[in-house]
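# Dropping a prediction and its sequence here:
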Amino acid sequence: MIARALLALVAAAALPQGATAAPPPLQPADEIQRGDLIVQSLGWRLARANAGYCARVAPGVGVMIQDAHTFADPAAARAVYGLTGDIGVGAMAQDGPAARAGLPLNATLRAVDDLAVDSLPVPRPGHWDRQIALQNALEAGVATHGRIRLTLADGTHQTITGEPVCRVRFLMDDSAGNAGANRDIVRIGRRMAEVANWDEAEIAALIAHEMAHAVLDHQTWLAQGGSARKTEREADRLSVWLLANAGFDPAAAIAWMRRIGPRYQVLFLASPTHGSWQRRVADMAAEIEAMRAAGGKDWPRLFRREPGAPAMPAR
């Protein structure tokens, strides 16, 4: 990831010299934060709904921490997001525990459990080390204790109790034009959301495809010499199960592929791993019918894996 570029510099430029930052806004301050909120909310919905089926599950609270130093101009970032320090609540899942508990968006944070922000080195602008350390501490704390205590700028504390979710982190990546995943992180490039015209059902379909790579642990299969083409076929097909469990129309996966396929047709045809978008549409349509015929949501038991794939990760 590279330095984020602010999309709300008007707010920063309007701040008089020496003035303090404004109170945290209740709505996203700019398009960067809007994208973060969409990815967090859709990812949470998929991870929460499928928690009963994933092999790796942990409590989550639906919070993404933001560090002003991930931006090229930290001072401008603090002004735009209304922060009185570098670290704030950058995004929350709309239906997650933190949002329901009333944690303010863009609230400035002083500590995550016992990890004080001031105890960590201040990174150079454009670097993510501190943000990642704090996010890791937040998720580890929730996983260990079932809750997290956040210390706000005024010294007050807010304790948020977690709920079980598939153990996957979701990120909007402003530096990437594509999407990807390993067993722990799903990354959605901003360009992909723009191609989808910010249609949330289609973005959910893209997230579900990448989440399928994570929950099936394709990273380990590929490291053992597995077929990249087969992992892509599995991710296409499992995505419709993940979508259906989360209350989305699984046909959103087909709509997304029909949107992106013609745009990247040459790349798909040249790719030994992805194949033609028409074939992928046909595979997903067939999987929707197979899922409905199976009459259940229990994809670890009912999903048909590709020939040669390892056993389904144990729950």
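All right, it came through fine. Just so you know, these numbers come straight off a predicted model, no measurement behind them.

# What ranges does the stretch 101-250 of the chain have for its strands?
109-112, 115-116, 147-152, 157-161, 163-166, 169-173, 179-181, 185-189 (DSSP state E, counting those that start in this stretch).

# would you turn those strands into a markdown table with distance to residue 132, mean neighbour count and mean pLDDT?
Where you see a C-beta, it was placed from the backbone N, CA and C, and this is true even at glycine. A markdown table is the format used below for the strands of the stretch 101-250 of the chain (distance: least, CB to CB, whole Å; neighbours: other CB atoms under 10 Å; pLDDT from 0 to 100):
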| stretch | distance to residue 132 | mean neighbour count | mean pLDDT |
| --- | --- | --- | --- |
| strand 109-112 | 12 | 22 | 98 |
| strand 115-116 | 13 | 14 | 98 |
| strand 147-152 | 16 | 19 | 98 |
| strand 157-161 | 20 | 15 | 98 |
| strand 163-166 | 19 | 21 | 98 |
| strand 169-173 | 10 | 22 | 94 |
| strand 179-181 | 17 | 18 | 94 |
| strand 185-189 | 11 | 21 | 95 |
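
# Could you report the pLDDT at the closest residue to residue 113 other than its chain neighbours?
With CB to CB, 6 or more residues apart in numbering as the criterion, residue 113 has its nearest non-adjacent residue at 4.6 Å, and that residue is residue 141. Looking at residue 141, its pLDDT stands at 97.

# check contacts around residue 141.
112-113, 147-149 (CB atoms under 8 Å, 6 or more residues apart in numbering).

# nearest to residue 260, of the strands of the stretch 101-250 of the chain?
Closest approach to residue 260 among the strands of the stretch 101-250 of the chain (CB to CB): strand 179-181, 10.3 Å.

# Direction included, what does the closest one pair against?
Applying DSSP bridges to the sheet, strand 179-181 is found paired with strand 185-189 (antiparallel).

# how distant is the strand it pairs with from the center of its chain?
6 Å (CA atoms, centre = their mean, to the nearest Å).
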